[in-house]
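Asker: What follows is a predicted structure for the sequence shown.
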Amino acid sequence: MKVRKAVIPAAGFGTRFLPATKSMPKEMLTIVDRPAIHYNVEELIEAGIEDILIIIGRNKEEIANYFDRSPELELLLKEGGKEELYELTERISNMANIHYVRQKDAKGLGHAVLCAKTFVGDEPFALLLGDDLVHATVPCIKQLTDMYDKYESTIIGVQTVEKNQVNKYGIVDGVKVEDHLYEVKGLVEKPSVEEAPSNVAIMGRYVLTPDIFEMIEKTAPGKGGEIQLTDALMLLNEEKGIYAFEFEGKRYDTGDKLGYLIATVEYALRNEELSTDFRDYLKTII
Ligand code: G1P
């Protein structure tokens, strides 16, 4: 079965980005001229997925407002002859079929994903973590859905990280079965450098089979007292094998201050309108 649905968990507090995230969803932090979550929705659309569930928490209404119509603004732009801006604004509200559900308690990523159970039903689905942006020739999620079409099994998107960074990620213990593809033997959520079975890290992109929900329901709180998706994936792996796919592309952690700045600079340098002037400016200060 083709992957037609996607889930974006966006209920986290964004504590790594305080105080900005005190009153503003971290997913709405702007990279150049659009919020981070816009890029994620675009990635899904480019991968042919238009039914998207965003899992929100309290104080996340801004996300729903962003993807909604803005009749007054649209009218103002139209009447003011700002056709291009009008089209841009209007297009955002028609980008995809976006649905919302609230995670009432912050009990971890696994718990957030469980909120998508009714929406997903009995289908495979893409899961995309809002903090992670991936710039790639073939959209990252498309790379994973292509792998899913071949293996019809849960696929986790991974990339290698520096050894000293393993404690920030879910880490894969795997055996390479083909170029860029590992059969998963084990998974550990944010291990210490000593405990880490490898430096192959989960990078916020997954294609999951719907049996993940049963596994999440069986998962006890793990690292940080939270229900970890990585632990549920371990249970799933014990029942039926799952794979980790090393996708092509540059991944940015926009939930982190330095990662966010790097993303801002690199996306600006790729922006047609800004790149020349911005590059010239950077040269003058470095
Ligand atoms: C989550 C996952 C982790 C993964 C990471 C990728 O952690 O639990 O396995 O490696 O996203 O960004 P978080 O960064 O939300 O704590």
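Answerer: Received it, and whenever you're ready, just let me know what you need.
Asker: show me the contacts for the closest residue to the ligand within the stretch 101-250 of the chain.
Answerer: When scored by CB to the nearest ligand atom, the stretch 101-250 of the chain has residue 170 as its residue closest to the ligand, at 2.5 Å. In short, each C-beta sits where N, CA and C put it, glycine included. Residues in contact with residue 170, defined by CB atoms under 8 Å, 6 or more residues apart in numbering, are 156, 187, 188, 189, 190, 201, 202, 228, 229, 230, 233.
Asker: Mind telling me what element the second one is part of?
Answerer: If I follow you right, that is residue 187. For residue 187, the host element (DSSP states H and E) is strand 181-189.
Asker: So which other helices or strands are in contact with that strand?
Answerer: Helices and strands touching strand 181-189, by 3 or more CB pairs under 8 Å, 6 or more residues apart in numbering; DSSP states H and E, are strand 170-178, helix 229-239, strand 243-246.
Asker: out of these, nearest to residue 152?
Answerer: strand 243-246 (10.4 Å; CB to CB).
Asker: what comes into contact with the closest one?
Answerer: 143-144, 147, 151, 153-160, 172, 174, 177, 180-184, 200, 202.
Asker: Could I have the ChimeraX command that selects the buried members from those?
Answerer: Typed into ChimeraX, the line below selects the buried ones among the contacts of strand 243-246, using 16 or more other CB atoms under 10 Å:
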select :143,144,147,151,153,154,155,156,157,158,159,172,174,181,182,183,184,200,202
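Asker: from the contacts of strand 243-246, which are also near the ligand?
Answerer: The subset of the contacts of strand 243-246 within reach of the ligand, counting by CB under 6 Å from any ligand atom, consists of residue 202.
Asker: Give me the three-state assignment for residue 227.
Answerer: Using DSSP: H, G, I helix; E, B strand; the rest coil, the three-state assignment for residue 227 comes out as coil.
Asker: Please, which helix or strand holds the closest residue to it other than its chain neighbours?
Answerer: Closest residue in space to residue 227, ignoring its immediate chain neighbours: residue 110 at 3.8 Å, by CB to CB, 6 or more residues apart in numbering. According to DSSP H and E, residue 110 maps onto helix 109-114.
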